[in-house]
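Engineer: need the 3D shape of this:
(2 chains)
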2 protein chains.
Amino acid sequence: MAQMSPDGHKRYNVALVGAPGVVGQEFIRILLERRFPMASLKLLATARSAGKRMLVAEQELVVEETTSKSFEGADLVFISASGAASREYCPMVAKMGAVAIDDSSAWRMDPGVPLVVPEVNADDVEWHKGILAIPNCSTTPIVMVLWPLHRLNPVRRITAATYQSVSGTGRLAVEELNTQSKAILEGKGVVPHVYPHQIAFNLLPEIDVFRDDGYTKEEWKMMAETRKIMHDESIAISATCVRVPVFISHSLAVHVEFSRPWSVDDVREILSQAPGVGLQDDPTVSLYPQPWTAAGLDDVFVGRIRQDSSHPNGMVFWIVSDNLRKGAATNAIQIAEELVARKLI
Amino acid sequence: MAQMSPDGHKRYNVALVGAPGVVGQEFIRILLERRFPMASLKLLATARSAGKRMLVAEQELVVEETTSKSFEGADLVFISASGAASREYCPMVAKMGAVAIDDSSAWRMDPGVPLVVPEVNADDVEWHKGILAIPNCSTTPIVMVLWPLHRLNPVRRITAATYQSVSGTGRLAVEELNTQSKAILEGKGVVPHVYPHQIAFNLLPEIDVFRDDGYTKEEWKMMAETRKIMHDESIAISATCVRVPVFISHSLAVHVEFSRPWSVDDVREILSQAPGVGLQDDPTVSLYPQPWTAAGLDDVFVGRIRQDSSHPNGMVFWIVSDNLRKGAATNAIQIAEELVARKLI
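Structural biologist: I've put the predicted structure just below:
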């Protein structure tokens, strides 16, 4: 259970499921960067990764296999693994009186689970019942940029196209882009393993499984999650999600219809003051968000802001965000910080 | 002047300005592939490339510097060079009574110049005055897919996001993606030359120059050219054009509002019969257009066809086309074939 440190602040026993993954490693880095008040940190993974040693603040920790006993004594459990793992472990954690913050899609749309981006709907942490979820890594950047605008001029409709990096799929996909790119540059052929087709120097408009309505589950997640986080089921949304040969950061071209027309200057002014949003918007010096420059940073970057030439109330945005940080680990840790600040754990 | 060949068909003296470029080379390949009725082929370029030898149908031709005398005796001149070259040479060619088919943006929006995609507006070749233009390589795929639908159910509004390959910029950009990708994979840094920022494993939402309204000229071209080719100034359009680390083929995620709702089955049926359009749309086997597989082919490929979840009359498409072929050389040669068939040259 949580301990009181000499400075009078509570410190928490933290467990991290999926520690060796690309997102898991970001979790460790960011927990330390943000000095999250940890009493202990337990690294968990599947049996296959158990025994692996990972360096945490110059200390070597051994990864343990996740079992029903793993969460004993934990206050807070971050889960960044498979949907199946989240479905199994989250109720276990909640039942033990600890809090699970989950990075999978398993619980996001459950009406009993708050889906939270702290800059948008921090108050939703109040009604958690032991499980909180973070949104998909392509939803978070959209709501981060649209929420401060939506409050003043409600969003009516969104059409979005995404440009998503391979790290969103995981470590093997990062290796696949690496290996395939080298092969192609040497004039060799490639055999896809992680993706259904070659990803190097190619584009794949398929992320997650296809639904009967022709949308992928990834596209559907963006639509459903955006409405849940912004507490507005009336927002019309359609998205095309595309995997691109980029290692880190997801990018989005977003066309938005608001309730009333407004000016680019007003929108820029609002976004320049929005917490967690980085405005990079000066065409005269080719300043706009790029995945390469956004990687490793916590802000959601926005630029190319302009009136939508196809609609009087429309505005167009180019949004880029590190999918491993604000798209995943940073957002989850911010939720934990919110729970700490509100004394909810 | 045109000659009569022994088979009774006219054969034409053809000149090609910009022959050594990436598009120029496609022109040569496709003229031969399609057995365009040439009496002669003159390869032209800037002084810098003059003297270069190129293999054409197992015959070595020497590239000549383009001058005011270059077009003497020509019936047909394909121009795939800079906008400045097109502005200078097109009127020269027209004045000499020959026909220029131009690949630059210099003449496209000139009211006296037909802008033609033969599958869409072939009849516009009839009123040419010596200059015809082909659209931008990201406009052609849109009108190829939307025209057969627009005739039955008029398009009201289009929002598009593009994923454009580096070959659209030219040979140096192809080399830059190659060189930068190798450097990054070896853990080295890169210095951009052709593009304002790194293109390897990155995305740049900047193609052509920025306009005062925040759109790039590339985005504006898509809007203006689509309306001109489809003969409908009422279509509302907005686009975000993005350069991606892909060598060949431009891809587009396109959201379209039609005048009335209709079914995916009807749309698929119409597109399956549209000339020059390749339907690749079976999610159950991950079949959809990809830039890697579209490269080298003349069809414009379309897939991921689905109802737009954000609008009752909406439909969403994923469109991919080889920007050097149907996006440039093939389309120009098809216009020449149209002129031949209609005895307009």
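Engineer: going forward, measure contacts between C-alpha atoms and count neighbours the same way
Structural biologist: OK.
Engineer: can you give me the strands for the stretch 51-200 of chain A?
Structural biologist: A:53-56, A:59-62, A:64-65, A:76-79, A:99-102, A:131-133, A:155-163 (DSSP state E, counting those that start in this stretch).
Engineer: could you dump those strands to a markdown table with mean neighbour count, mean pLDDT and distance to A:Lys10?
Structural biologist: Shown next, in a markdown table, are those (neighbours: other C-alpha atoms under 10 Å in any protein chain shown; pLDDT from 0 to 100; distance: least, C-alpha to C-alpha, whole Å):
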| stretch | mean neighbour count | mean pLDDT | distance to A:Lys10 |
| --- | --- | --- | --- |
| strand A:53-56 | 14 | 94 | 21 |
| strand A:59-62 | 13 | 94 | 22 |
| strand A:64-65 | 20 | 97 | 25 |
| strand A:76-79 | 26 | 98 | 13 |
| strand A:99-102 | 28 | 98 | 15 |
| strand A:131-133 | 27 | 98 | 21 |
| strand A:155-163 | 24 | 98 | 40 |
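Engineer: compare these and give me the one nearest B:Ala81.
Structural biologist: strand A:155-163 (30.8 Å; C-alpha to C-alpha).
Engineer: by contact count, what packs against that closest one?
Structural biologist: strand A:236-240, strand A:250-258 (3 or more C-alpha pairs under 8 Å, 6 or more residues apart in numbering or on different chains; DSSP states H and E).
Engineer: how about residues contacting that strand?
Structural biologist: A:138, A:146, A:149, A:234-244, A:250-259, B:159, B:161, B:253, B:255, B:310 (C-alpha atoms under 8 Å, 6 or more residues apart in numbering or on different chains).
Engineer: related to what we said a few turns ago, please produce a markdown table containing the strands of the stretch 51-200 of chain A, extended by distance to A:Pro205.
Structural biologist: Below are those laid out as a markdown table (distance: least, C-alpha to C-alpha, whole Å):
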| stretch | distance to A:Pro205 |
| --- | --- |
| strand A:53-56 | 35 |
| strand A:59-62 | 38 |
| strand A:64-65 | 35 |
| strand A:76-79 | 27 |
| strand A:99-102 | 26 |
| strand A:131-133 | 26 |
| strand A:155-163 | 9 |
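Engineer: let me know whether A:Leu287 touches A:Gly278 as I believe.
Structural biologist: No. Using C-alpha atoms under 8 Å as the test, A:Leu287 is too far from A:Gly278 to be in contact (11.9 Å).
Engineer: let me see the contact set for A:Ala57.
Structural biologist: A:Leu32.
Engineer: before we move on, the earlier item: now which of the contacts of strand A:155-163 would you call buried?
Structural biologist: A:138, A:146, A:149, A:235-244, A:250-259, B:159, B:161, B:253, B:255, B:310 (16 or more other C-alpha atoms under 10 Å in any protein chain shown).
Engineer: could you list the low-pLDDT ranges of the stretch 201-345 of chain A?
Structural biologist: For the stretch 201-345 of chain A, no stretch has pLDDT under 70.
Engineer: quick one: residues contacting A:Ile270.
Structural biologist: A:148-149.
Engineer: against A:Met54, how distant is it?
Structural biologist: Applying C-alpha to C-alpha, to the nearest Å, the value for A:Ile270 to A:Met54 is 42 Å.
Engineer: break chain A down into its domains, please.
Structural biologist: Under the assignment automatic domain parsing, the domains of chain A span A:3-134+A:328-341, A:139-323.
Engineer: any idea which of the ones you listed gets closest to B:Phe27?
Structural biologist: Per C-alpha to C-alpha, nearest to B:Phe27 of these: domain A:139-323, 23.7 Å.
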